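Novice: With the input below, show me the fold.
(one chain, ligands or ions: 2)
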Amino acid sequence: ATPMSIAVATGVGATRGILVKHGAVLERLSDATHFVFDKTGTLTEGKLRVVKIESLSEMSEARLLELAASAEQNSEHSIATAIVCLAEQRGVSLMEATSFSATPGRGVSCLVADQSVIVGTREWLAMQNIEVSETVTEKQSAFEKAGVTCVFVAVDGKVAGLIGVEDTLRHDAQQLIDALKAQGIAITVLSGDRQAVVDAVTARFGNIERRAQVLPQDKSAVIRQLQEQGEVVAMVGDGINDSPALIQSDIGIALASGTDVSIESADIVLSHNELIQVDASRRLAKRTLKTIR
Ligand code: ADP
Ligand code: MG
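Specialist: Numbers count the residues shown, from 1 in each chain. Ligands and ions are numbered 1, 2, ... in the order given. This next block holds a predicted model:
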């Protein structure tokens with residue numbers, strides 16, 4: 001009866017937008033003890049908006065946006081998209097960026113109009129020996145307590161300003177977290193963003209684990225640690241960054257709106273892009289395995 005029930009469940013799943021790539025994953029999913037979620041684009045919509053531009057130099061806010069957007073035009077990060085979108089909305093024409101390089105989990109650097117432009121985290125600036133003053137740190141904390149991610153812009157080796165970006169939780173994120181918690185499932189939010197931002201954005205979820213400032217290459221190590229503690233881990237993600245973690249996890253789940261790489265790396269793809277389908281998948285797996293065992 002085993003292969004039959006699995007085939008039926010796989011078919012039922014497909015009609016509900018739950019695409020199970022191979023039946024064996026249903027057994028693992030029915031045993032899952034711990035769900036790990038990427039933050040940006042998974043728990044949140046991934047449509048970032050610039051909510052604040054603040055110059056910390058003589059530079060005008062318009063010039064700050066112009067330089068930052070010119071630097072970010074070659075990056076695929078959702079922060080880059082938000083900055084470039086705003087520039088376009090404001091009719092700012094972008095300048096050419098040369099010697100461009102992007103470092104995952106940190107930011108970008110390049111030359112724009114003969115000026116060195118660096119956009120990213122404060123660690124990214126520090127790695128290039130750019131000093132961040134105490135006043136700037138206070139501003140950063142204020143942003144982050146409100147759930148706003150602080151993007152630093154440095155021009156010619158000096159902090160020129162800050163750009164605040166914000167995202168919205170998916171409409172069914174809370175419902176999903178509540179449903180999983182009610183079943184005694186442990187939850188971890190895994191993010192490259194800062195702790196204060198992760199805490200603020202997910203405050204309503206109550207008692208869960210929150211792992212912040214995890215670099216893209218370290219996300220899968222977090223999954224492995226949980227597995228070593230005996231947890232059966234499901235990972236839900238959407239980004240290129242999440243792909244190694246999706247592969248390492250016992251059950252990799254991707255949203256269809258995610259990157260091609262994450263969809264390829266996952267065992268289950270949710271084609272309706274509804275987060276609540278994560279719980280529907282788990283319940284489908286539970287029911288299927290109950291019939292078999
Ligand atoms: P997340 O897990 O939130 O998607 P990432 O690991 O991609 O985060 O990035 C971590 C942090 O690095 C971001 O919150 C941002 O501050 C910074 N960062 C990464 N790429 C860029 C970029 N292209 N422009 C500006 N900041 C960036
Ligand atoms: Mg993401």
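
Novice: which residues are there in the protein that come within reach of ligand 2?
Specialist: Selection of the chain residues close to ligand 2 by CB under 5 Å from the ion yields 38, 40-41, 238-239. C-beta: built from backbone N, CA, C; applies to glycine.

Novice: Could you dump those into TSV and include distance to ligand 1, pLDDT and neighbour count?
Specialist: Shown next, in TSV, are those (distance: CB to the nearest ligand atom, whole Å; pLDDT from 0 to 100; neighbours: other CB atoms under 10 Å):
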residue	distance to ligand 1	pLDDT	neighbour count
D38	6	96	28
T40	4	94	25
G41	7	93	23
D238	9	92	26
G239	6	86	25
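
Novice: and the residue of the stretch 51-200 of the chain nearest ligand 2?
Specialist: Residue nearest to ligand 2 within the stretch 51-200 of the chain: S78 (7.6 Å; CB to the ion).

Novice: Could you tell me the model confidence score at that residue?
Specialist: Reading off the confidence values, S78 has pLDDT 94.

Novice: so who does it touch?
Specialist: Each residue near S78 by CB atoms under 8 Å, 6 or more residues apart in numbering is listed here: 40-41, 46-48, 167.

Novice: Of those residues, which belong to strands?
Specialist: If you go by DSSP state E, those have nothing in strands.

Novice: Relative to ligand 2, which residue of the stretch 1-150 of the chain is the closest?
Specialist: G41 (3.4 Å).

Novice: hang on, that residue packs against V236?
Specialist: No - judged on CB atoms under 8 Å, G41 makes no contact with V236 at a distance of 10.6 Å.

Novice: got any residues that touch both of the two?
Specialist: With contacts defined as CB under 8 Å, 6+ apart, the residues adjacent to both G41 and V236 are L255.

Novice: residues in the stretch 51-200 of the chain within reach of ligand 1, list them.
Specialist: Within the stretch 51-200 of the chain, the positions near ligand 1 by CB under 6 Å from any ligand atom are 72, 75, 77, 79-80, 102, 105-108, 119-121, 149, 151, 191-193.

Novice: Three-state assignment for A160, please.
Specialist: State at A160, reduced to three classes by DSSP: H, G, I helix; E, B strand; the rest coil: strand.

Novice: What average pLDDT does the helix or strand hosting V51 get?
Specialist: Using DSSP states H and E, V51 sits in strand 49-55. For strand 49-55, mean pLDDT rounds to 97.

Novice: List the buried residues in that strand.
Specialist: 50-53, 55 (16 or more other CB atoms under 10 Å).

Novice: Quick one: residues contacting the residue nearest the centre of the chain.
Specialist: The geometric centre of the chain, computed from its C-alpha atoms, lies nearest to T40 (CA atoms, centre = their mean), at 2.9 Å. Contacts for T40 (CB under 8 Å, 6+ apart) come out as 46, 48, 78, 167, 191-193, 239.

Novice: Let me know whether R224 touches Q248 as I believe.
Specialist: Yes - using CB under 8 Å, R224 makes contact with Q248 at a distance of 5.9 Å.

Novice: before we move on, back to that, which among the contacts of T40 end up buried?
Specialist: When the contacts of T40 are checked for burial by 16+ other CB under 10 Å, the buried set is 46, 48, 78, 167, 191-193, 239.

Novice: Please name the residues that touch the residue in the stretch 101-250 of the chain positioned nearest to ligand 1.
Specialist: Nearest to ligand 1 in the stretch 101-250 of the chain, going by CB to the nearest ligand atom, is G192, at a distance of 2.2 Å. By CB under 8 Å, 6+ apart, the contact list for G192 reads 40, 105, 212-216, 241.
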